[in-house]
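Engineer: Just need the structure, nothing else, for what follows:
(2 chains)
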Amino acid sequence: DTGVSQDPRHKITKRGQNVTFRCDPISEHNRLYWYRQTLGQGPEFLTYFQNEAQLEKSRLLSDRFSAERPKGSFSTLEIQRTEQGDSAMYLCASSPQIARFSTDTQYFGPGTRLTVL
Amino acid sequence: DQQVKQNSPSLSVQEGRISILNCDYTNSMFDYFLWYKKYPAEGPTFLISISSIKDKNEDGRFTVFLNKSAKHLSLHIVPSQPGDSAVYFCAASSRGSQGNLIFGKGTKLSVKP
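Structural biologist: Numbers count the residues shown, from 1 in each chain, chains lettered A, B, ... in the order given. Below you'll find the predicted structure:
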């Protein structure tokens, strides 16, 4: 299976703890996105990488959130001092860059379901 | 302020009939539109897309229509099958956003045998 993978699939944590999620994109996709989805809503954009460079962050991404993509392959999303409002599905997507300013189809992973108690 | 709106939270259709899911957008800069299907506890699965230079794109049972003047797009599924039952999300992006997708809230489609 060469799709986007995410780990873990589920995470339950206590308020105040730190959590880290991992995303492995489709190989050779140089764009990687993180989204968050809460109940009854569509996915909301968090941040975006082109290769190892983090090019855009949403206002939703507070200072407690940090994302990295150190070698331009897999990415991690860390949430520090988790709050109950962080409970959501965290989705990762990747896309190729066919042209410099192209908008390409994003392929999503299965997501990580975070529950903060 | 929602830029992509799916005004019908749910839709129920009989197997074999046509399903029509609707989506409206407000941002005239959007130039690429996608439909995703999502089953519970899974990530969205890409279905079909359309560029703003076209008004129709077809892939098997799925057809997307784009009406730029009305800022409206629709997804037609013909014939509908029970396995199509899922939540369908409309998404849009603009070239200047580097591909960040703006999603609607989704429409839950139920196809009854």
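Engineer: Low-confidence bits of chain B, can you list those?
Structural biologist: Scanning chain B with the threshold set as pLDDT under 70 gives B:96-99.
Engineer: and the residue in it positioned nearest to chain A, what is it in contact with?
Structural biologist: Per C-beta to the nearest C-beta, B:Phe103 is where chain B lies closest to chain A, at 3.0 Å. The C-beta positions use only the backbone N, C-alpha and C, and glycine is treated the same way. B:Phe103 makes contact with A:42-44, B:4, B:36, B:89-91, according to C-beta atoms under 8 Å, 6 or more residues apart in numbering or on different chains.
Engineer: Which one of the residues you listed is nearest to B:Asn67?
Structural biologist: Of all the contacts of B:Phe103, B:Cys90 has the smallest distance to B:Asn67: 13.3 Å, by C-beta to C-beta.
Engineer: before we move on, what SS does that closest one have?
Structural biologist: When classified by DSSP: H, G, I helix; E, B strand; the rest coil, B:Cys90 comes out as strand.
Engineer: swap in A:Gly85?
Structural biologist: Three-state call for A:Gly85 (three-state DSSP): helix.
Engineer: For it, give me its contacts.
Structural biologist: So A:Gly85 contacts A:Val116 (C-beta under 8 Å, 6+ apart).
Engineer: Let me know the pLDDT of it.
Structural biologist: With respect to pLDDT, A:Gly85 scores 95.
Engineer: Touching, B:Val64 and B:Leu75? I think so.
Structural biologist: Yes - in this structure, B:Val64 is within contact of B:Leu75 by C-beta atoms under 8 Å, at 5.4 Å.
Engineer: and for those two, which residues touch both?
Structural biologist: By C-beta under 8 Å, 6+ apart, B:Val64 and B:Leu75 have these common neighbours: B:35, B:48.
Engineer: and the one residue in chain A that gets nearest to chain B, how many residues sit next to it?
Structural biologist: Nearest residue of chain A to chain B: A:Gly42, at 3.0 Å (C-beta to the nearest C-beta). Close neighbours of A:Gly42, defined as other C-beta atoms under 10 Å in any protein chain shown, add up to 23.
Engineer: Run through the bridge partners of the nearest residue to it once chain neighbours are set aside.
Structural biologist: Nearest residue to A:Gly42 in three dimensions, chain neighbours excluded: B:Phe103, at 3.0 Å (C-beta to C-beta, 6 or more residues apart in numbering or on different chains). Counting by DSSP bridges, B:Phe103 is bridged to B:Ala91.
Engineer: With B:Tyr36 instead?
Structural biologist: With DSSP bridges as the criterion, B:Tyr36 is bridged to B:Phe46, B:Phe89.
Engineer: Contacts only, for the closest residue to B:Leu21 other than its chain neighbours.
Structural biologist: Excluding the flanking residues, the one nearest B:Leu21 by C-beta to C-beta, 6+ apart is B:Leu75, at 4.5 Å. Going by C-beta under 8 Å, 6+ apart, B:Leu75 touches B:19-21, B:23, B:35, B:47-48, B:62-64, B:88, B:90.
Engineer: swap in B:Ser80?
Structural biologist: B:13-19, B:109, B:111 are the contacts of B:Ser80 under C-beta under 8 Å, 6+ apart.
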